[in-house]
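Asks: Next come a sequence and a model predicted from it.
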Amino acid sequence: KQCWPFVVTSIPAAFVGGYWKIGASAFFVILGICLIVAALLLWLKPQKLTGTKSDNLWLNAALGGSVGFLSGLVSIGGGIFLSPILHLIQWDDAKRISALASLFILVNSISGLAGQLARSATIDWTFILPLLLAVLAGGQIGSRLGARKFDPIYIKRITALLILVAGINILKDHL
């Protein structure tokens, strides 16, 4: 019930973002800045969960559409942008945010890819297929280790550092 405003607004927005052609330089600058902001948001630790904001239809729809467009534009599923925002505003507990992020990544990846294909973008399947297998394997391993072995705050902080380094490297190479 709580996920539909995010998904309904993000699917068409991700399609438009994927369809919208931007230059390589602009793409990398936008991507680098977004990754750095996501890393900083992920690093922040909100106070104890005091109440959920999941019933705010307009906020959820606006976040879904905005992050959906951005995810289509930079060709990322969007969970890396949406999750830190939801944690920061204390949308719900970590398990519900992770569940929403997983669904969000799936639908936005498909929609953004459809947008790119609609504008006649070509896809190099010899590159994509091994990447998909690596994502599947990494996701399974990470999920199991995260659920059973590691403290979630350490996972968040390590992820934030990796995203920050990636964002800085992208900007360093393209500014």
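Replies: Nice, thanks for sending it over.

Asks: Can you pull out the low-pLDDT segments for this structure?
Replies: 45-54, 121, 143, 145-147 (pLDDT under 70).

Asks: For it, which segments are assigned as helices?
Replies: Assigned by DSSP state H, the helices in the chain fall at 4-19, 24-43, 57-74, 79-88, 94-118, 125-148, 152-174.

Asks: Residue 165: neighbour count?
Replies: When neighbours are defined as other CB atoms under 10 Å, residue 165 has 13 of them. For glycine as for every other residue, the C-beta is placed from the backbone atoms N, C-alpha and C.

Asks: residues contacting the spatially closest residue to residue 116 that is not a sequence neighbour?
Replies: Ranked by CB to CB, 6 or more residues apart in numbering and with sequence neighbours excluded, the top spatial neighbour of residue 116 is residue 18, at 4.5 Å. Residue 18 is in contact with 72, 73, 75, 111, 112, 113, 114, 115, 116, 118, counting by CB atoms under 8 Å, 6 or more residues apart in numbering.

Asks: Isn't the fourth one up against residue 12?
Replies: Yes - distance between residue 111 and residue 12: 7.4 Å, which falls inside the contact criterion (CB atoms under 8 Å).

Asks: neighbour-wise, which of the two wins?
Replies: Legend: neighbour count by other CB under 10 Å for residue 111 and residue 12, higher for residue 111 (26 against 15).
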